[in-house]
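**Q** everything below, folded, please.
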Amino acid sequence: MTNLFSIFEPSTSLMNIQLNWIATLIGLLLIPTYFWLMNNRHSMMWKTPFNILNNEFNILLSKNNKGTTLTLIALFMMIMINNTMGLFPYIFTSTSHLTMTLSLALPLWLSFMLFGWLKNTESMFTHLVPTGTPGLLMPFMVCIETISNIIRPGTLAVRLAANMIAGHLIMTLLGNTSMNISISMMSIMLIIQMMLLSLEAAVAIIQGYVFAVLTTLYASEVN
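**A** Numbering: from 1, shown residues only. Sure thing, here's the model as predicted:
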């Protein structure tokens, strides 16, 4: 069991500095200089999904939020790169730890709550009672909505970390069992591993998209 979860242990250190967490900064090396260069195929490959995300986030925010979508797109890009880099051998998956995911979700949620309750207090109160709720159920609905609002950063963090842990654990289990199988079964195991790797690559992108979209929805309720 200790060996199974060792892939999530940031134990490599030098002078009490956890070197495995430096894997989070690998994404900075992947940011090209196309912001200052002429358009090419590489820049267009990135700009096309960014434009799609920008239009979608603008619709979800339902207001002219200039610059807000750039923050959400950067959040999506950061999570996606960290998830994808974790699929490479010997690279630490930082998004599989609540330390990382909660550090992303909690400040965003707190900023939304502070802005909403200080600037749009009446609107925040109206969100606690859905439209058409009977008067007898209003106290219960306020309690339920308050609890669901409080656990939002936890659900965001746990969803991302749990999906990363689950996929990596399955691949690790199959990799450990493949050491003792026959050569005839090795080809089947390789096909299964390739299919799982493709699934994890898709999950890495989808989880970054889900995290960014849910954050956008939480921000739209504050407006």
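
**Q** for the rest of this, base every contact and every neighbour count on C-alpha atoms.
**A** Fine.

**Q** could you give the mean pLDDT of the helix or strand hosting residue 112?
**A** Element membership for residue 112 (DSSP states H and E) is helix 98-119. For helix 98-119, the mean per-residue pLDDT is 88.

**Q** now do it: which elements does it pack against?
**A** Applying 3 or more Cα pairs under 8 Å, 6 or more residues apart in numbering; DSSP states H and E, we find helix 98-119 packed against helix 121-127, helix 152-177, helix 183-222.

**Q** can you pull the buried residues of the longest one?
**A** When you say that, I think you mean helix 183-222. Within helix 183-222, the residues that count as buried by 16 or more other Cα atoms under 10 Å are 189, 193, 196-197, 200-201, 203-205, 207-209, 211-213, 215-216, 218-220, 222.

**Q** look up how far residue 92 lies from residue 100.
**A** Separation of residue 100 from residue 92 (Cα to Cα, to the nearest Å): 12 Å.

**Q** more crowded one of those two?
**A** Comparing residue 100 with residue 92 by other Cα atoms under 10 Å, the one with more neighbours is residue 92, at 23 against 17.

**Q** where does the more buried one fall, phi/psi-wise?
**A** phi -70, psi 130 (degrees, to the nearest 10).

**Q** surely it touches residue 25?
**A** No: using Cα atoms under 8 Å, residue 92 makes no contact with residue 25, being 11.1 Å away.

**Q** separation between the closest residue in space to residue 219 that isn't next to it in sequence and residue 217?
**A** Closest residue to residue 219 apart from its sequence neighbours, by Cα to Cα, 6 or more residues apart in numbering: residue 112 at 6.1 Å. Using Cα to Cα, we find residue 112 at a distance of 11 Å from residue 217.

**Q** hmm, which helix or strand of the protein has the shakiest average pLDDT?
**A** strand 13-14 (a mean of 60; mean pLDDT, DSSP states H and E).

**Q** residue contacts, the residue nearest to residue 219?
**A** Residues in contact with residue 112 (Cα atoms under 8 Å, 6 or more residues apart in numbering) are 218, 219, 222.

**Q** for the chain, which spans come out with low pLDDT?
**A** For the chain, residues meeting the criterion pLDDT under 70 lie at 1-19, 30-39, 63-64, 223.

**Q** what residues of stretch 129-139 count as buried?
**A** Of all the residues in stretch 129-139, those buried under the rule 16+ other Cα under 10 Å are residue 129.

**Q** got a list of contacts for that stretch?
**A** Stretch 129-139 is contacted from outside by 141, 142, 145, using Cα under 8 Å, 6+ apart.

**Q** now a ChimeraX select for only the buried ones of those residues.
**A** Applying 16+ other Cα under 10 Å to those, the buried members can be selected in ChimeraX as follows:
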select :141,142
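
**Q** could the contacts of stretch 129-139 go into JSON lines alongside distance to residue 132?
**A** Below are the contacts of stretch 129-139 laid out as JSON lines (distance: Cα to Cα, whole Å):
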{"residue": "141", "distance to residue 132": "11"}
{"residue": "142", "distance to residue 132": "13"}
{"residue": "145", "distance to residue 132": "15"}
